[in-house]
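S.K.: Turn this into a model:
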Amino acid sequence: MRTVVLVVTGLVSSVMTQAQEGSSVERLSVLADLVVLGKITVTDPLMLDGTNSTRHTMKVESYYKGSGPTEISILTPGGYWVRKEGDKETKMGTQFVGSMGVQVGEEMLAFLRLDPNSGKGYVFAFYDYGAKCRVELDAAGERYVELRLAKKRYMRGFALDGFKEMEKRETGPNPTAAVESKLASGNCLREKVNVRDLRGRLEEILSGEQVKKPGEKSGT
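M.R.: Predicted structure coming up:
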């Protein structure tokens with residue numbers, strides 16, 4: 001991951017460029033320690049001491065995998081620190097090109113893992129589009145997220161229609177497996193899922209892709 005250091009005169013936002021099409025929900029459900037729906041309420045402006053990370057506070061609305069408090073910390077690469085030279089202070093910004101960023105007020109479905117370096121919060125399970133699914137509003141004002149899917153058995157509606165069209169173009173003995181193999185590379189089919197339907201859809205994927213650890217409970 002390439003790092004860019006910038007001299008800045010104000011706060012550096014944590015908006016990052018995202019370079020990949022996006023990991024599938026199926027893959028992320030295995031990588032993630034937590035799958036949560038929530039909203040970013042606070043961003044601490046300075047990078048954490050001894051790290052290259054900025055801390056954000058998320059107010060959690062729902063846990064779909066794992067459990068925890070109503071507020072958690074999400075760490076994103078980069079941010080800014082102050083360099084002092086005598087009486088002069090210069091704000092220095094670090095941006096990790098290609099990594100995931102968040103903004104205050106952003107509502108999302110997030111696939112997270114415990115930060116292995118600091119142990120002080122969570123990081124996105126993978127640094128691409130798929131690990132953060134922004135909550136949007138449809139024409140009726142209903143909240144939805146766009147899931148990136150790679151396996152036929154979890155698809156509905158337009159995503160399933162698209163998968164079937166791809167199957168028709170396959171000439172081998174197992175068109176379903178051939179299409180799923182192609183989608184697994186990151187060019188997933190996207191499906192809009194209403195927030196009220198998320199728990200059922202995610203529980204189906206989680207149960208289909210992994211076995212829960214002994215004693216693990218579903219969040220509320």
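S.K.: where in this structure is pLDDT low?
M.R.: For the chain, applying pLDDT under 70 flags the ranges 1-21, 46-51, 80-82, 91-100, 127-129, 211-220.
S.K.: hey, which strand is longest across it?
M.R.: Identified as the longest strand of the chain according to DSSP state E is strand 53-65.
S.K.: Can you list the strands that that one pairs with?
M.R.: Strand 53-65 pairs in its sheet with strand 34-43 (antiparallel), strand 71-77 (antiparallel), by DSSP bridges.
S.K.: Please name whichever of the ones you listed is nearest to Asp197.
M.R.: For those, the distance to Asp197 is smallest for strand 34-43, at 12.1 Å, taking Cβ to Cβ. Where you see a C-beta, it was placed from the backbone N, CA and C, and this is true even at glycine.
S.K.: Only the buried residues of the closest one, if you could.
M.R.: Within strand 34-43, the residues that qualify as buried by neighbour count (16 or more other Cβ atoms under 10 Å) are 34-38, 40, 43.
S.K.: what sits up against that strand?
M.R.: With contact meaning Cβ atoms under 8 Å, 6 or more residues apart in numbering, strand 34-43 is reached by 14, 28-29, 54-66, 68, 71-72, 74, 102-113, 122, 135, 195, 198, 202, 206, 219.
S.K.: Can you select the buried ones from these in ChimeraX?
M.R.: Command for ChimeraX, covering only those of the contacts of strand 34-43 found buried under the criterion 16+ other Cβ under 10 Å:
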select :14,28,29,54,55,56,57,58,60,63,64,65,66,72,74,102,106,107,108,109,110,111,112,113,122,135,195,198,202,206
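S.K.: which pair in the buried residues of strand 34-43 spans the largest distance?
M.R.: Greatest spacing in the buried residues of strand 34-43, by Cβ to Cβ: Val35 and Thr43 (21.9 Å).
S.K.: Which of the buried residues of strand 34-43 sits closest to Gly186?
M.R.: Closest approach between those and Gly186, by Cβ to Cβ: Val35, at 19.3 Å.
S.K.: Which strand residues bridge the closest one?
M.R.: Listed beta-bridge partners, Val35: Lys65, Phe111 (assigned using DSSP bridges).
S.K.: how near is it to Met166?
M.R.: Between Val35 and Met166 the distance is 27 Å, computed by Cβ to Cβ, to the nearest Å.
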